[in-house]
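**Q** using only what follows, build the 3D model:
(one chain, ligands or ions: 2)
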Amino acid sequence: MKNFTIPKEKNIYVGIDIGSSKICCSISTIDPINGTLQLLGIGTSPSTGIKIGSITHRENLISEMETAMREAETMADAKVSSAILSISSEQIRGINTQGAIAVQKNQMNNVPIQHEITQSDVQRVVDLAKGISLPIDRDILHVLPQEFMIDTMDKIKDPVGMSGHRLEGHVHLITLGTTAATNIANCAQELGITVDGLVFQGLASGTAVLDQDEKDHGVALVDFGAGTTDLAIYHDDGIRHASVLGIGSGMITNDIGVMLQVGMEEAEKIKQTYGSAKASMSSPELEFDLPVKNGGIARRISEHELSRYVEARTEEILRLIKREIIRSGLRDNLTYGVVLTGGGANLKNITGLAEEVIGLPVRIGKPKGVQDSVGIASNPQYSAAVGLGIWRFRPEELHIDYGVESPVQETIKKVFKWFGDFF
Ligand SMILES: Nc1ncnc2c1ncn2[C@@H]1O[C@H](COP(=O)(O)OP(=O)(O)OP(=O)(O)O)[C@@H](O)[C@H]1O
Ligand SMILES: [Mg+2]
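**A** Numbering: from 1, shown residues only. Ligands and ions are numbered 1, 2, ... in the order given. Take a look at the predicted model:
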């Protein structure tokens, strides 16, 4: 991962990934010697208060966030005062929009000079592009510039300082339900921390695991979580499509629990220890004991039989991912295929099945370029939490702003001073 410009003071950057199965808090800093991101602390807690982005037990969510935060604070020997939170919800939608302006003429001594594009021109274009009408219960979460066009020149990433008459900007907007976002932010504020912003989990994970080449030449980032599967498609170094499927690896666990008549905790252990996404790669001879219930009889099942259930459900989820990729209209642009991350990517042999079903190359995405003494950052389950720590440093986020005053914005009171703080 590239080196970051070193801030003058040692700052910590805190991300709290709020997942359906775990809450994970990461505390990072910039290594003053080489400018890379250093993970100082990470804390996790099981998550029982939120399902598919909707809060089901507010008190549980608050106390679980606190547990994860305190654990990370202890490891990092630092105090958290603000954090960026992740969000994943079926209500998240991505949309491509555009705006165009006539570049204002500059004058010097009443003599017209070339039309030089300024930062405020770019801002006007982005404002126009995000000026779509949204239902009152929706809000803009991210404004992600894709490229600009000056007159007939296209694919310009940064038009500031260039000259022209007409500036057109293409952006990807990610919107979400206002209520879900406001409630999540409120929970963090209850813990006395300032919410610096909310980030779509799929983008946070993409930040942690993708290479620049992948983002340039086309890749679909799939964060296969417990309750949701996030999709973020990149091409030409911009987000082109974002969506969330309200299904995840938890459904595989659920199937195992129901089929084998075991509790969910046992089903989870069985999935992780014996489950394979490809039944043909697990042995019919290798059997394991199922937990015996009170008064029940001893039972055994082969890894192959278990994996038949696992494969069936995994294949179904992968088919839905494939359908979503096709629906985006970008399948043919995915030179680097699919990068699978999130805890669900740990399932044995999932890469092989995913390549067969989706028909594209697939690799597992783990957080990269992070110095971490505990090894946790090399697990795809922690991609989003690590990505939140890096979030502020993404150059492509320089244009993000949260736009018009909105309920989310009022609640969060975020101030992203991208340039001022670090560059
Ligand atoms: N070794 C493993 N084998 C199979 N599945 C695994 C393994 N490790 C984790 N998982 C699965 O990954 C899922 C948890 O992934 P993750 O932590 O990314 O989800 P989350 O962020 O809590 O949820 P979400 O993103 O859906 O809100 C669980 O369903 C778990 O069973
Ligand atoms: Mg997740």
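
**Q** which residues of the protein fall in helices?
**A** 58-76, 119-129, 178-190, 201-209, 212-217, 250-260, 264-274, 303-327, 350-358, 383-390, 407-412, 418-422 (DSSP state H).

**Q** in CSV: these, plus mean neighbour count, mean pLDDT and distance to ligand 2.
**A** Backbone N, C-alpha and C define where each C-beta goes, glycine included. As requested, the helices of the chain are arranged in CSV below (neighbours: other CB atoms under 10 Å; pLDDT from 0 to 100; distance: least, CB to the ion, whole Å):
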stretch, mean neighbour count, mean pLDDT, distance to ligand 2
helix 58-76, 19, 96, 13
helix 119-129, 18, 91, 29
helix 178-190, 20, 91, 13
helix 201-209, 30, 95, 5
helix 212-217, 16, 95, 20
helix 250-260, 19, 95, 11
helix 264-274, 17, 96, 16
helix 303-327, 19, 97, 14
helix 350-358, 20, 98, 16
helix 383-390, 31, 90, 5
helix 407-412, 18, 45, 20
helix 418-422, 12, 30, 25
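
**Q** now those in CSV, with distance to residue 172?
**A** Shown next, in CSV, are the helices of the chain (distance: least, CB to CB, whole Å):
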stretch, distance to residue 172
helix 58-76, 29
helix 119-129, 9
helix 178-190, 18
helix 201-209, 10
helix 212-217, 13
helix 250-260, 28
helix 264-274, 35
helix 303-327, 15
helix 350-358, 22
helix 383-390, 17
helix 407-412, 18
helix 418-422, 18
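
**Q** want to try CSV for those helices, with distance to ligand 1 as columns?
**A** Putting those into CSV (distance: least, CB to the nearest ligand atom, whole Å) gives the following:
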stretch, distance to ligand 1
helix 58-76, 11
helix 119-129, 29
helix 178-190, 12
helix 201-209, 6
helix 212-217, 20
helix 250-260, 4
helix 264-274, 4
helix 303-327, 9
helix 350-358, 8
helix 383-390, 6
helix 407-412, 19
helix 418-422, 26
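
**Q** among those helices, which comes closest to residue 242?
**A** Closest approach to residue 242 among the helices of the chain (CB to CB): helix 201-209, 6.1 Å.

**Q** contacts for that closest one?
**A** Identification of contacts with helix 201-209 by CB atoms under 8 Å, 6 or more residues apart in numbering yields 15, 17, 19, 86-88, 142, 174, 215, 221, 223, 225, 228, 230-232, 234, 239, 242, 244, 339, 341-342, 365-368, 370, 380, 383-388, 390-391, 394.

**Q** derive a ChimeraX selection command for the buried subset of the residues you listed.
**A** To isolate the buried ones among the contacts of helix 201-209 in ChimeraX, judged by 16 or more other CB atoms under 10 Å, type:
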select :15,17,19,86,87,88,142,174,215,221,223,225,228,230,231,232,234,239,242,244,339,341,342,365,366,367,370,380,383,384,385,386,387,388,390,391
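
**Q** residue 389 reaches residue 25, doesn't it?
**A** No: counting by CB atoms under 8 Å, residue 389 sits too far from residue 25 to count as a contact (9.9 Å).

**Q** so what sits against both of the two?
**A** 14-15.

**Q** would you map out the domains in this protein?
**A** According to automatic domain parsing, the chain comprises the domains 93-176, 212-366.

**Q** kindly check the end-to-end length of the first one for me.
**A** End-to-end distance of domain 93-176: 6 Å, with CA to CA, to the nearest Å as the criterion.

**Q** so how far is it from its chain's centroid?
**A** Centroid displacement of domain 93-176 relative to its chain, using CA atoms, centre = their mean, to the nearest Å, is 25 Å.

**Q** with stretch 170-177 instead?
**A** 14 Å.

**Q** who's in contact with it?
**A** 87, 89, 91-99, 126, 129-130, 132, 134, 137-149, 200, 203, 238-242.

**Q** buried subset of those?
**A** 87, 89, 91-94, 97, 99, 126, 129-130, 134, 138-149, 200, 203, 238-242.

**Q** keep only those of these that are in strands.
**A** Among the buried ones among the contacts of stretch 170-177, the residues falling in strands (DSSP state E) are 87, 93-94, 97, 99, 138-149, 200, 238-242.

**Q** check those residues against ligand 1, which are close?
**A** Of the residues in these, proximity to ligand 1 by CB under 6 Å from any ligand atom holds for none.

**Q** residues touching the nearest residue to residue 174 once chain neighbours are set aside, list them.
**A** Of all residues not flanking residue 174 in the chain, residue 142 sits nearest, at 4.1 Å (CB to CB, 6 or more residues apart in numbering). Each residue near residue 142 by CB under 8 Å, 6+ apart is listed here: 172-174, 199-200, 203, 400.

**Q** so which of the residues you listed comes closest to ligand 1?
**A** residue 200 (11.1 Å; CB to the nearest ligand atom).

**Q** ok, that closest one touching residue 141?
**A** Yes: assessed by CB under 8 Å, residue 200 is found in contact with residue 141 at 6.1 Å.

**Q** what is in contact with those two at once?
**A** 87, 92, 174, 176.

**Q** any chance of the residues you listed in CSV with pLDDT as columns?
**A** Listed next are those as CSV, based on pLDDT from 0 to 100:
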residue, pLDDT
87, 93
92, 94
174, 94
176, 92
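
**Q** separation between the residue lying closest to residue 31 once chain neighbours are set aside and residue 89?
**A** Excluding the flanking residues, the one nearest residue 31 by CB to CB, 6+ apart is residue 38, at 4.6 Å. Note on residue 38: its distance to residue 89, by CB to CB, to the nearest Å, is 31 Å.

**Q** do the same with residue 363
**A** 26 Å.

**Q** now do residue 257
**A** In terms of CB to CB, residue 257 sits 25 Å off from residue 89.

**Q** figure out which of the domains of the chain is closest to residue 49.
**A** That would be domain 212-366 among the domains of the chain, by CB to CB, at 12.2 Å.

**Q** end to end on that closest one, go ahead and measure it.
**A** Span of domain 212-366 from end to end, CA to CA: 15 Å.

**Q** swap in stretch 257-276?
**A** 16 Å.

**Q** gap between it and the chain center?
**A** Computed by CA atoms, centre = their mean, the chain-centroid distance of stretch 257-276 equals 27 Å.
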